[in-house]
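A.B. asks: Give me coordinates for this.
(4 chains)
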Number of protein chains: 2
Amino acid sequence: MTGEGQAARTIARGGGHAVWRQIVEHLAADIDAGRLQPGARLPNEMALAETFSVNRHTVRRALAELAAKGLVRASIGRGTFVELPRLAYPIGPRTRFTEIVESGGREASGELISSDSLVASAEVARRLNLPEGASVLRLVTRRSADGVPVAYGTSFLPLPRFAGLAERWAEYRSITKAFADFGVADYSRAETRITAREAAADEAAELDLAARCIVMVLESLNVDSAGVPIQLTRSLFAADRVELVVGR
Amino acid sequence: MTGEGQAARTIARGGGHAVWRQIVEHLAADIDAGRLQPGARLPNEMALAETFSVNRHTVRRALAELAAKGLVRASIGRGTFVELPRLAYPIGPRTRFTEIVESGGREASGELISSDSLVASAEVARRLNLPEGASVLRLVTRRSADGVPVAYGTSFLPLPRFAGLAERWAEYRSITKAFADFGVADYSRAETRITAREAAADEAAELDLAARCIVMVLESLNVDSAGVPIQLTRSLFAADRVELVVGR
DNA sequence: AGGAATTTGTGCGTATGTATG
DNA sequence: TCATACATACGCACAAATTCC
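C.D. replies: Prediction:
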């Protein structure tokens, strides 16, 4: 709740409060108060610069911050827009993406962005309980609910065992079904490690997010019914779209 | 887990690949390969600018990206440093802070910052399965490992049942022992909901963090052996100090 | 104790590239 | 084809926090 109309666009300089931060607060207040509606286009950067009597770069720094907070999103040649979304996503020890999403009445979809094989790094080999120098299959995938990207992840799988899995994945659009073709009737998540950080620019793009939004990073290890590691995955979830639920 | 990637050692200009992105890849590869060890100081921005033959702003753009990825951290007047590994913090049905930390060879400590009683909000009452308008005990606590704040949290407990628990907590320095005095020989975590966001100024202060750090927010519900909800807790974990581990 | 040096943070001015409509 | 608007990059200057001497 800042002031009235246009007048209160004054910036206090040299007061220990960075100019760009003050601009962030102004615009965030406008969004919060509904003066800038979800989906609305902000004035362009030059106009904002004039409004606040600052350089365009200073406006850009403020807009980058708002994007990081998930409040706005910039699009080249079009403008900068107020974000709207909000999407909930549960996760558990026996997570099946498709089941979870569809049980929530949403339409689950997944894309295989890329796949290749490579020699496992020391870290990957250790987690998958493979000898140093073993080959692994790498899958880069994106999963969406109702067309909105939810998770963007990279998986590593032991290679002699799962050669050709990428094609099955692409065909079935389900890792569970693809696993079945390789004799994995069931699998479970042995461990998940969770951290959070700002999304890097490329990651944000894959998740169709504003740059520098906060993402939760999940590193999970799937094991087959015999307890043998079969898949190590690092997935990114947009923190302002997803709430993880553990247990129950 | 990042990889095997071999970043180009030279900066290609005008090739559709932004210069600052190439610098990101170069430095990330150095960190991944161990040429830059955890805790090591990077060359200062001017030196990096000369190394890559770019402007200091371009280096800064790359460093901001690396900071977003959690690989480095900048500090005014000191330099930019490779981030240290995080403390693994298991989240499970039987999470016990003291046990977790001490099993990791660290010294666990906890402080009761404040306690009071109040009428439960609708949300709190619902989660604790209490009638509207019920009284609850509120505890604000901070837990540390080796003197470094790890978690800062607020708990709500049903009040007729746990009146006086705050004093026991302060005496025993252990919620587990305090519960025992109220006939709760055992309890478990029924559910944990995890999100992440930027820390507010006061929260950052309590966690001894720089402002604007990212925190993971855990809302967990503890139940006694009969399955009755006894404690609803919202805890903040510094995302760059802690890695939550689910399962196993 | 205190000032100088070091290093990151902020801000301005300018120029050019690229995507959109 | 053209104007618009964001993206990248360079150069300069000063502020703020820390460390060094």
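
A.B. asks: what about the helix or strand containing A:E111 and chain B, any contact?
C.D. replies: A:E111 is part of strand A:108-119, with elements assigned from DSSP states H and E. Yes. With Cβ under 8 Å from any Cβ of the partner chain as the measure, strand A:108-119 is seen reaching chain B through A:118-119. To be clear about C-beta, it is placed using only N, CA and C from the backbone, and glycine gets the same treatment.

A.B. asks: quick one: average confidence on the helix or strand following that strand?
C.D. replies: Beyond strand A:108-119 on the C-terminal side, the first helix or strand identified by DSSP H and E is helix A:122-127. The average pLDDT for helix A:122-127 rounds to 86.

A.B. asks: Buried ones in helix A:122-127, by neighbour count?
C.D. replies: A:124-125, A:127 (16 or more other Cβ atoms under 10 Å in any protein chain shown).

A.B. asks: now swap in stretch A:235-248 and tell me
C.D. replies: A:235-247.

A.B. asks: Check stretch A:53-72 too.
C.D. replies: Across stretch A:53-72, burial judged by 16+ other Cβ under 10 Å covers A:54, A:58-72.

A.B. asks: Walk me through the domains of chain A.
C.D. replies: A:19-82, A:87-246 (automatic domain parsing).

A.B. asks: among the ones you listed, which is nearest DNA strand C?
C.D. replies: DNA strand C sits nearest to domain A:19-82 of all the domains of chain A, at 2.5 Å, using Cβ to the nearest atom of the strand.

A.B. asks: starting at the chain centroid, how far to the closest one?
C.D. replies: Mean C-alpha position of domain A:19-82 versus that of the full chain (Cα atoms, centre = their mean, to the nearest Å) differs by 22 Å.

A.B. asks: check whether that domain contacts DNA strand C.
C.D. replies: Yes. Domain A:19-82 reaches DNA strand C (Cβ under 7 Å from any atom of the strand) through A:19-21, A:54-58, A:61, A:75-78.

A.B. asks: farthest-separated two in those residues?
C.D. replies: A:R21 and A:G77 (27.7 Å; Cβ to Cβ).

A.B. asks: Between those two, which is the more surrounded one?
C.D. replies: For A:R21 versus A:G77, the count of surrounding residues by other Cβ atoms under 10 Å in any protein chain shown is larger for A:R21: 14 against 4.

A.B. asks: Show me the shaky parts of chain A.
C.D. replies: Residue ranges of chain A with pLDDT under 70: A:1-9, A:13-16, A:70, A:83-95, A:104, A:146-148, A:210-212, A:248.

A.B. asks: picking that back up, considering only the buried residues of stretch A:53-72, which also neighbour DNA strand D?
C.D. replies: Answer for those near DNA strand D (Cβ under 7 Å from any atom of the strand): A:R60.

A.B. asks: Can you pick out the ones from the buried residues of stretch A:53-72 that are in helices?
C.D. replies: Those of the buried residues of stretch A:53-72 mapping onto helices are A:58-68, per DSSP state H.

A.B. asks: Could you single out the nearest of these to B:L112?
C.D. replies: Using Cβ to Cβ, those come closest to B:L112 at A:A68, 34.5 Å.

A.B. asks: I figured that closest one was touching A:A204, is that so?
C.D. replies: No. A:A68 lies out of contact with A:A204 (Cβ atoms under 8 Å); the separation is 9.2 Å.

A.B. asks: quick revisit: most neighbours per residue, which of the domains of chain A?
C.D. replies: Compared across these, domain A:87-246 shows the largest average neighbour count, a mean of 18 (mean count of other Cβ atoms under 10 Å in any protein chain shown).

A.B. asks: How far off centre is that one?
C.D. replies: That offset, for domain A:87-246, works out to 12 Å (Cα atoms, centre = their mean).

A.B. asks: For DNA strand C, tell me whether that domain is touching it.
C.D. replies: No. In terms of Cβ under 7 Å from any atom of the strand, no part of domain A:87-246 sits within range of DNA strand C; the closest distance is 12.1 Å.

A.B. asks: contacting residues for A:A49?
C.D. replies: By Cβ atoms under 8 Å, 6 or more residues apart in numbering or on different chains, the residues touching A:A49 are A:55-56, A:58-59.

A.B. asks: Let's see that with 7 Å instead.
C.D. replies: A:55-56, A:59 (Cβ atoms under 7 Å, 6 or more residues apart in numbering or on different chains).

A.B. asks: got the end-to-end distance for stretch A:213-233?
C.D. replies: Using Cα to Cα, to the nearest Å, one end of stretch A:213-233 lies 21 Å from the other.

A.B. asks: Does that stretch reach DNA strand D?
C.D. replies: No. Judged by Cβ under 7 Å from any atom of the strand, stretch A:213-233 stays clear of DNA strand D, getting no closer than 13.7 Å.

A.B. asks: Just say helix, strand or coil for A:E102.
C.D. replies: Put simply, A:E102 is helix when judged by DSSP: H, G, I helix; E, B strand; the rest coil.

A.B. asks: repeat for the one 3 residues further on
C.D. replies: Applying three-state DSSP to A:G105 yields a three-state assignment of coil.

A.B. asks: what's the distance between it and A:A145?
C.D. replies: 10 Å (Cβ to Cβ, to the nearest Å).

A.B. asks: same check, this time on A:T192
C.D. replies: From A:T192 to A:A145 the distance is 19 Å (Cβ to Cβ).

A.B. asks: isn't A:L218 right up against A:T192?
C.D. replies: Yes. The criterion here is Cβ atoms under 7 Å, and A:L218 meets it with A:T192 at 5.6 Å.

A.B. asks: Overlap in contacts, those two.
C.D. replies: With Cβ under 7 Å, 6+ apart as the test, A:L218 and A:T192 reach no residue in common.
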